[in-house]
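1. Sequence and predicted structure, then a few things I'm wondering about:
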Amino acid sequence: MAELTDLKIAAETADARPDAPIRVVYVMGAGRSGSTVLDTILNNHEDVIGVGELVHLFIDGSAQKENCSCGETRDACQVWHGVRERWSELTGLSSITEHERLMTKFTRVQRLAIPEWHRLRAGNPDPDFAECLKQTRATYQAIADATGKRVIIESSKNPLRAKLLCLTPGLDVRLVHLVRDARGVAWSRMKPFAKSKEGGVPQDIKPKPIHISAGYWLFMNFLSEQVRKSFPDQPSTRIHYEDFVTTPEQTLKEIGEVAGLDYTAISDRLLTGAPMAPGHLYAGNRVRTAGPIKLRSDMAWTEKLRPNQKRLTWLLAGHKLRQYGYQELPTTLTESHSETVSDDSLRSAA
């Protein structure tokens, strides 16, 4: 407790300076791993603003697809309207088209993302890169100015975006690599959803085959690992969805130590079953539009996935699942296996 209190005092002292970097706690990893729920809960700390999948904010046409978790559209939400206006003031741009192009060039995850990975490097002479960094810094400055918060929680998950943020001057980036059992991710991606703007589903979502989901899970977690290795001086941690939903106090302690925040009060509220307010998360899982949420475990895949589907997922991703501490035959979680940048040991996950 003393350690977390010291971290908070140091953070408040640093944040009091007008030129202090804006702290960004970035959640990366594969989709369908519980990042929206994590973002929602982290957002309930009085010193932070959770923004959800910020990567979607500057996509052309996003205003017609996505809703803020408050229920309003991007342009109708008072928070995001203020952010957009402030961003335009800082950049001198009235259109988001150019920012969308830059994000696509440097952070779009497609195929093996090799060109994008190499474009994201310190000292890249490409004028587009300098402009991308400038506009990215302006995004977080706009959020800080519009909300009065100097700590921003983002759950875009895209590891290339995480790398971009680590290279952006004026940002103090803390990395959270969120991992969920690949079979749970595969099961979630097998479920189709019909378009429902009010329900937080911006477009029809088709089911994904097991082998596609296993490959996606491997790739996104591999990239997340590479980001952590590329920036060893950035505070970071790897947490597991299964630990988060069963022992949230331990997971929040891990994140708090990385973020320089004391999440004890939030942990206490979770343990009493108190609902968490969704705030103003933009884009993300449909749960963000359902009002206050309560933390619960979703292990339906253990019963819903057929044996052959479980075997195929394990065949394709089992080597990495073992490295993360998962077992081929899952049982009830009994101990935490979160790890920080200073402790790379992996403990049992199941």
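-> Now that the structure is in, tell me what you want to look at. Numbers count the residues shown, from 1 in each chain.
2. My guess is residue 42 contacts residue 153. True?
-> Yes - using C-beta atoms under 8 Å, residue 42 is in contact with residue 153, at 4.6 Å. To be clear about C-beta, it is placed using only N, CA and C from the backbone, and glycine gets the same treatment.
3. Neighbour count: the two, which is higher?
-> Neighbour count, other C-beta atoms under 10 Å: between residue 42 and residue 153, residue 153 has more, with 30 against 26.
4. which SS class is that one?
-> Secondary structure, DSSP: H, G, I helix; E, B strand; the rest coil: residue 153 is strand.
5. got it, and residue 83?
-> Once three-state DSSP is applied, residue 83 turns out helix.
6. Give the burial count for it, as a bare number.
-> Close neighbours of residue 83, defined as other C-beta under 10 Å, add up to 26.
7. what do you get for the one 3 residues further on?
-> If you count neighbours by other C-beta under 10 Å, residue 86 ends up with 18.
8. tell me the contacts of it?
-> Listed by C-beta atoms under 8 Å, 6 or more residues apart in numbering, the contact partners of residue 86 are 141-142, 145-146.
9. quick one: buried residues of stretch 243-252?
-> For stretch 243-252, burial by neighbour count (16 or more other C-beta atoms under 10 Å) applies to 243-248, 250-252.
10. want to throw those into JSON lines with distance to residue 165, pLDDT and secondary structure?
-> What follows is the buried residues of stretch 243-252, written out as JSON lines (distance: C-beta to C-beta, whole Å; pLDDT from 0 to 100; DSSP: H, G, I helix; E, B strand; the rest coil):
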{"residue": "243", "distance to residue 165": "25", "pLDDT": "96", "secondary structure": "helix"}
{"residue": "244", "distance to residue 165": "22", "pLDDT": "96", "secondary structure": "helix"}
{"residue": "245", "distance to residue 165": "27", "pLDDT": "94", "secondary structure": "helix"}
{"residue": "246", "distance to residue 165": "30", "pLDDT": "93", "secondary structure": "helix"}
{"residue": "247", "distance to residue 165": "29", "pLDDT": "93", "secondary structure": "coil"}
{"residue": "248", "distance to residue 165": "26", "pLDDT": "95", "secondary structure": "helix"}
{"residue": "250", "distance to residue 165": "26", "pLDDT": "97", "secondary structure": "helix"}
{"residue": "251", "distance to residue 165": "22", "pLDDT": "97", "secondary structure": "helix"}
{"residue": "252", "distance to residue 165": "22", "pLDDT": "98", "secondary structure": "helix"}
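11. hmm, back to that, mutual contacts of residue 42 and residue 153, please.
-> In contact with both residue 42 and residue 153: 25, 48, 50, using C-beta under 8 Å, 6+ apart.
12. Name the residues linked to the first one by a beta bridge.
-> Partner residues in beta bridges with residue 25: residue 153, residue 174, with DSSP bridges as the criterion.
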